[in-house]
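Colleague: Following is a predicted model, sequence given first.
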2 protein chains.
Amino acid sequence: MSQFRQVTIIGLGLIGGSLGLALRRRRVARRVYGVARRAATVAHARRIGAVDRGFTALAPAVAEADLVVIATPPSTVVPLAQQVAEATTQSLILTDAASTKAGIVRGWQRVLPERIAAVGSHPMAGSDRSGLGAASAELFTGTLCVLTPTAQTPARAVRAVGAFWRAVGMRTTTLAPERHDAVVAMISHVPHLAAAGLVSAAASAELKVAAAGFADTTRVALGDPALWQDICLSNREAVLDALGRFERALVHLRQAIAYRDAPELRKTLAASRRARRRLCR
Amino acid sequence: MSQFRQVTIIGLGLIGGSLGLALRRRRVARRVYGVARRAATVAHARRIGAVDRGFTALAPAVAEADLVVIATPPSTVVPLAQQVAEATTQSLILTDAASTKAGIVRGWQRVLPERIAAVGSHPMAGSDRSGLGAASAELFTGTLCVLTPTAQTPARAVRAVGAFWRAVGMRTTTLAPERHDAVVAMISHVPHLAAAGLVSAAASAELKVAAAGFADTTRVALGDPALWQDICLSNREAVLDALGRFERALVHLRQAIAYRDAPELRKTLAASRRARRRLCR
């Protein structure tokens, strides 16, 4: 099922590398090209079979692409899309894999010519490990990809990008870019800050006694600090808003404890358990 | 290796049931007796082989015990210990499995006669499931048990209780009761509140998009609300103190985001990752 002649992936980290492996294994594209800044990364991607051809320069990698996927940190996605526009003359579809969407989608509208149909994507697959060394052809299997088209996005491009992510094993759904950012602030970015805050508040003597529960609760704090700094700052307003909601929930719990309000504490914990039970374990 | 003639477990939930299974499988005691309030629980414990004999009344279960383990929520441990004292005349060792220690150890000093040598224990094994149905003979294997003796605790009893938990597969360490409570407030009770707070702050529409990271971070919120209410209130001061430390760590992260202080945000996330990496995954 070869929807695309040439897919070019810009950025060969955990997501870009895994995408290359998945595309080649599932024969989603006839050719998979990859771009990374470092020659060693390109060689690594070639060696593990994540790309058919690898490049350290963007222009030759995208010159004949009909789909370009930018799999780099949020703040770099718009500048790279602009470079794709400058290096190409053909019509093509462009998407990305960044964890925040509103700023990127607005930026694209500013810099991209009409021949480039851009659709925001957030494949919600990941790992507490990062980099090409952690890449896996099955990273995306069974997980959710959120597409964030706007009223201006060509419907044909939205369909093609949706089919693309489904072809590597994902489920897809659609949210407006701003709504996407508010949702992931609450269910991904703030939990990351909570995990980092828990580890940072604990002294190392205390961490020595930590058990499986603490390891679970703080696992996401293993994520790449540079990437997460970029995610939090590129979603600043939504993160501050969601963090405020979380802080208010903590104050509610703190007051129930401070006032020895056992029924209220129990009620709140029970409501949280019910909501949590609706998720997978 | 039969250290004890008769071990009586009071409370046949996840911990008490798992302990019975482990003791019988590993032949740590010649007889394992169990007490539960409900006859159905006693029958269940018998059926799965968690006890040799089960009781709904405490007195006959402890009359000939040389070790009594109270595996019930924190606030019930001292009253039950007092009932053990009233139902027995022999010398015996008493311990517990509650997640908080200072109040229990102080309470024992108030209510127990000298013939009962009481040693606080916190086997840090658990599961996001609760109750006898989740019991496992291997629940304790490779996990840590914290003993909290005081200057008044007979050394012989501390040694026996340490050997007892090691016999079911645990590692043991010793902390003063107050120090134990401060440590678990930070690495167990506050993470539980954080998980509950995250779930409670998220709307159900947002939870539908939640991925593996959110599931990890909030897994402990699946714990029994009645038990966790009791734990938090029985460790109220230490929990409020640790919660304050966590809230200050969140404020630090929030300010770095609000002021767009990328270097500070990255530095804090990197320090958290380094500390988290020292734990198991």
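Modeller: Received it, and whenever you're ready, just let me know what you need. Numbers count the residues shown, from 1 in each chain, chains lettered A, B, ... in the order given.
Colleague: Could you check the angle the helix or strand harbouring A:Leu240 makes with helix B:236-258?
Modeller: Using DSSP states H and E, A:Leu240 falls within helix A:236-258. Relative orientation of helix A:236-258 versus helix B:236-258 (axes from the mean of the first three to the mean of the last three Cα atoms, to 10 degrees): 170 degrees.
Colleague: Looking at helix A:236-258 now, give me its mean pLDDT.
Modeller: If you average the pLDDT over helix A:236-258, you get 97.
Colleague: Packing partners of that helix?
Modeller: Helix A:236-258 sits against helix A:177-184, helix A:190-201, helix A:262-277, helix B:190-201, helix B:236-258, with contacts defined as 3 or more Cβ pairs under 8 Å, 6 or more residues apart in numbering or on different chains; DSSP states H and E. Every C-beta, even on glycine, is put in place using the N, C-alpha and C of the backbone.
Colleague: Among the ones you listed, single out whichever gets nearest to A:Tyr33.
Modeller: helix A:177-184 (27.4 Å; Cβ to Cβ).
Colleague: what about the closest one, near chain B?
Modeller: Yes. If you take Cβ under 8 Å from any Cβ of the partner chain as the test, helix A:177-184 does meet chain B, through A:Ala182, A:Val183, A:Val184.
Colleague: related to what we said a few turns ago, going by neighbour count, list what's buried in the helix holding A:Leu240.
Modeller: Neighbour-count burial for helix A:236-258 flags A:236, A:238-239, A:241-243, A:245-247, A:249-250, A:252-254, A:256-257 (criterion: 16 or more other Cβ atoms under 10 Å in any protein chain shown).
Colleague: quick one: the helices in the stretch 1-150 of chain A?
Modeller: Here the stretch 1-150 of chain A has its helices, by DSSP state H, counting those that start in this stretch, at A:14-25, A:39-48, A:58-62, A:74-87, A:102-111.
Colleague: Now the last one: buried residues?
Modeller: Translated: helix A:102-111. A:Ala102, A:Gly103, A:Ile104, A:Val105, A:Gly107, A:Trp108, A:Val111.
Colleague: and if you look at the longest one?
Modeller: The neighbour-count check on helix A:74-87 (16+ other Cβ under 10 Å) flags A:Pro74, A:Ser75, A:Thr76, A:Val77, A:Val78, A:Leu80, A:Ala81, A:Gln83, A:Val84, A:Ala85, A:Ala87 as buried.
Colleague: closest to chain B among the residues you listed?
Modeller: Among the buried residues of helix A:74-87, A:Ser75 lies closest to chain B (Cβ to the nearest Cβ), at 9.5 Å.
Colleague: Surely the closest one touches A:Ser234?
Modeller: Yes. Here A:Ser75 reaches A:Ser234: they are 5.6 Å apart, a contact under Cβ atoms under 8 Å.
Colleague: Next, the contact list for A:Thr141, please.
Modeller: A:Val168, A:Gly169, A:Met170 (Cβ atoms under 8 Å, 6 or more residues apart in numbering or on different chains).
Colleague: Let's have these in TSV, adding secondary structure, neighbour count and pLDDT.
Modeller: Converted to TSV, these look like this (DSSP: H, G, I helix; E, B strand; the rest coil; neighbours: other Cβ atoms under 10 Å in any protein chain shown; pLDDT from 0 to 100):
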residue	secondary structure	neighbour count	pLDDT
A:Val168	coil	23	97
A:Gly169	coil	17	96
A:Met170	coil	23	97
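Colleague: From chain B, how far out is the residue nearest in space to the middle of chain A?
Modeller: The C-alpha lying nearest the average C-alpha coordinate of chain A belongs to A:Ser99 (Cα atoms, centre = their mean; 3.7 Å). In this view, A:Ser99 and chain B are 11 Å apart by Cβ to the nearest Cβ, to the nearest Å.
Colleague: residues near the nearest residue to that residue once chain neighbours are set aside, how many?
Modeller: Counting by Cβ to Cβ, 6 or more residues apart in numbering or on different chains, A:Ser99 lies nearest to A:Ile231, which is 4.8 Å off, once chain neighbours are set aside. A count of neighbours around A:Ile231, defined by other Cβ atoms under 10 Å in any protein chain shown, yields 23.
Colleague: Which strands and helices lie in contact with the helix or strand harbouring A:Ile231?
Modeller: Per DSSP H and E: A:Ile231 is located in helix A:225-234. Counting contacts by 3+ Cβ pairs under 8 Å, 6+ apart, helix A:225-234 packs against helix A:74-87, helix A:190-201, helix B:262-277.
Colleague: residues of it that come out buried?
Modeller: Of all the residues in helix A:225-234, those buried under the rule 16+ other Cβ under 10 Å are A:Pro225, A:Leu227, A:Trp228, A:Gln229, A:Asp230, A:Ile231, A:Cys232, A:Leu233, A:Ser234.
Colleague: Chain B contacts on the stretch 1-150 of chain A?
Modeller: Checking the stretch 1-150 of chain A against chain B by Cβ under 8 Å from any Cβ, the hits are A:Met124, A:Ala125, A:Gly126, A:Asp128, A:Thr143, A:Leu144, A:Val146.
Colleague: Tell me who's in contact with the first one.
Modeller: Under the criterion of Cβ under 8 Å, 6+ apart, the contact partners of A:Met124 comprise A:Thr143, A:Leu144, A:Cys145, A:Val146, A:Val184, A:Ser188, B:Val209, B:Ala211.
Colleague: how near is the fifth one to B:Ala211?
Modeller: Applying Cβ to Cβ, to the nearest Å, one obtains 9 Å for the distance of A:Val184 from B:Ala211.
Colleague: ok, those two, which is more surrounded?
Modeller: A:Val184 (28 against 18).
Colleague: which residues touch that one?
Modeller: A:Val184 neighbours (Cβ under 8 Å, 6+ apart): A:Ser99, A:Thr100, A:His122, A:Met124, A:Asn235, A:Ala238, B:Val209.
Colleague: Farthest pair within those?
Modeller: Farthest pair in these (Cβ to Cβ) is A:Met124 and A:Ala238. Separation: 15.8 Å.
Colleague: Same list (the buried residues of helix A:225-234) but as a markdown table, adding distance to A:Leu19.
Modeller: Compiled in a markdown table, the buried residues of helix A:225-234 are given as follows (distance: Cβ to Cβ, whole Å):
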| residue | distance to A:Leu19 |
| --- | --- |
| A:Pro225 | 23 |
| A:Leu227 | 16 |
| A:Trp228 | 20 |
| A:Gln229 | 23 |
| A:Asp230 | 19 |
| A:Ile231 | 18 |
| A:Cys232 | 24 |
| A:Leu233 | 25 |
| A:Ser234 | 21 |
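Colleague: after the helix or strand of chain A with the lowest mean pLDDT comes which helix or strand?
Modeller: Across the helices and strands of chain A, the lowest-confidence element by mean pLDDT, DSSP states H and E is helix A:204-207, at a mean of 86. The C-terminal neighbour of helix A:204-207 among helices and strands, as given by DSSP H and E, is helix A:212-217.
Colleague: How about that next one and chain B, any contact?
Modeller: Yes. Judged by Cβ under 8 Å from any Cβ, helix A:212-217 comes into contact with chain B at A:Ala212, A:Gly213, A:Phe214, A:Ala215, A:Asp216, A:Thr217.
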